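Visitor: just the structure for this:
(one chain, ligands or ions: 2)
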Amino acid sequence: MFITFEGIDGSGKSTQMRHLATWLQERGQAVETMRDPGGTQVAEQVRTLLLDPTSSLDNRTELFLFAAARAQLVAERIRPALQAGRVVLCDRFYDSTTAYQGGGRNTVPRAWLHSLHEQTTGGLMPTRTYLIDVPVEEAARRRRGESDDRMEQEAWAFHERVRTTYRSLAEEEPTRVCCIDGTQSPVQVQGAIRADLKAIWPSVGAGTPS
Ligand SMILES: Nc1ncnc2c1ncn2[C@@H]1O[C@H](COP(=O)(O)OP(=O)(O)OP(=O)(O)O)[C@@H](O)[C@H]1O
Ligand SMILES: Cc1cn([C@H]2C[C@H](O)[C@@H](COP(=O)(O)O)O2)c(=O)[nH]c1=O
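Guide: Numbering: from 1, shown residues only. Ligands and ions are numbered 1, 2, ... in the order given. Purely as a prediction, here's the structure:
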């Protein structure tokens, strides 16, 4: 089972992934958590370059660096973990490229992004994706006081385009992308995620409740 968490910066997806990992582990599942970009030595180095506010990157360079980090993460960690029967939880994945480099920057057409993903990862897609949807204002409020990485310094309109693209992905792929109202309390958001997961994976809810 491969589950990803998506949303604009500050939406609360990392918080939700942490809580879901704990819940699954309490139910006896072998869980591996990771983040994209990152999760391997090489991909963490690429992440540092990508998110450094002083990095001046051409849009195409940025796209290829995200794709390179993901290729490494898939080869080194995600595929081996899935093959070993573990549950993989990943903070962001390919949908982030569609939303940020596609919707946000309009770097290259969507079909081109798909074929880059096919070539670099074999087209691996999550079983289920939780899109934590919050308005841009709310996400900015939640991020206040935290260090701003390069993408977070983008203009308001950029983040609006990213959010719009995410929401359209949820409409286009309702069997994979589950859009959750992220303005609710963390407990309520987690409840919605667990309810959805139990519906698509009934045996997971049968474990000892926390
Ligand atoms: N449902 C919520 N309501 C209010 N605050 C929240 C909620 N979920 C998370 N937060 C707070 O918002 C901030 C951002 O949360 P988190 O780090 O989980 O978001 P994120 O989407 O992973 O952010 P980023 O993409 O910037 O890493 C944290 O201070 C967190 O405690
Ligand atoms: C995978 C991926 C990520 N991004 C952006 C989205 C965020 O601004 C950062 C990652 O930071 P986070 O704290 O881990 O959320 O990178 C992107 O633009 N394209 C991608 O493919």
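
Visitor: got the contact list for the residue nearest the centre of the chain?
Guide: Residue closest to the mean C-alpha point of the chain, counted by Cα atoms, centre = their mean, is R92 at 1.6 Å. Residues in contact with R92 (Cβ atoms under 8 Å, 6 or more residues apart in numbering) are T4, F5, E6, K13, R35, D36, P37. The way it works is simple: take the backbone N, C-alpha and C, and place the C-beta from them, glycine included.

Visitor: pretty sure the third one sits against T97.
Guide: Translated: E6. No - between E6 and T97 no contact is recorded; they are 10.7 Å apart, counting by Cβ atoms under 8 Å.

Visitor: check which helices and strands the top helix by length along the chain sits against.
Guide: Determined from DSSP state H, the single longest helix within the chain is helix 156-172. For helix 156-172, the packing partners by 3 or more Cβ pairs under 8 Å, 6 or more residues apart in numbering; DSSP states H and E come out as strand 128-133, helix 136-143, strand 177-181.

Visitor: could you dump these into CSV with mean neighbour count and mean pLDDT added?
Guide: Below are the helices and strands packed on helix 156-172 laid out as CSV (neighbours: other Cβ atoms under 10 Å; pLDDT from 0 to 100):
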stretch, mean neighbour count, mean pLDDT
strand 128-133, 23, 98
helix 136-143, 16, 95
strand 177-181, 19, 98
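
Visitor: and V204, that's in a helix?
Guide: Yes - the assignment for V204 by DSSP: H, G, I helix; E, B strand; the rest coil puts it in a helix.

Visitor: what is the neighbour count of it?
Guide: 17 (other Cβ atoms under 10 Å).

Visitor: could you check how far it is from ligand 2?
Guide: The gap separating V204 from ligand 2 is 26 Å, by Cβ to the nearest ligand atom, to the nearest Å.

Visitor: wait, that residue touches L24, no?
Guide: Yes - taking contacts as Cβ under 8 Å, V204 lies within contact range of L24: 7.1 Å.

Visitor: can you list the residues of the chain near ligand 2?
Guide: Neighbours of ligand 2 within the chain, by Cβ under 6 Å from any ligand atom: 9, 35-37, 51, 66, 91-92, 96-97, 100-101, 149, 151-152.

Visitor: just the closest of those to A199, please.
Guide: Nearest to A199 among those is D91, at 22.7 Å by Cβ to Cβ.

Visitor: the closest one bridge partners, please.
Guide: With DSSP bridges as the criterion, D91 is bridged to F5, R35.

Visitor: quick one: contacts for it?
Guide: T4, F5, K13, S14, M17, T33, M34, R35, D36 are the contacts of D91 under Cβ under 8 Å, 6+ apart.

Visitor: which pair in those residues spans the largest distance?
Guide: The span of those, defined through Cβ to Cβ, is set by K13 and M34 at 13.1 Å.

Visitor: neighbour count: the two, which is higher?
Guide: Ranked by neighbour count (other Cβ under 10 Å), K13 and M34 place K13 first, with 24 against 20.

Visitor: can you give me the neighbour number for the closest residue to that one other than its chain neighbours?
Guide: Nearest non-adjacent residue to K13, counting by Cβ to Cβ, 6 or more residues apart in numbering: F5, 3.9 Å away. Using other Cβ under 10 Å, F5 is surrounded by 28 other residues.
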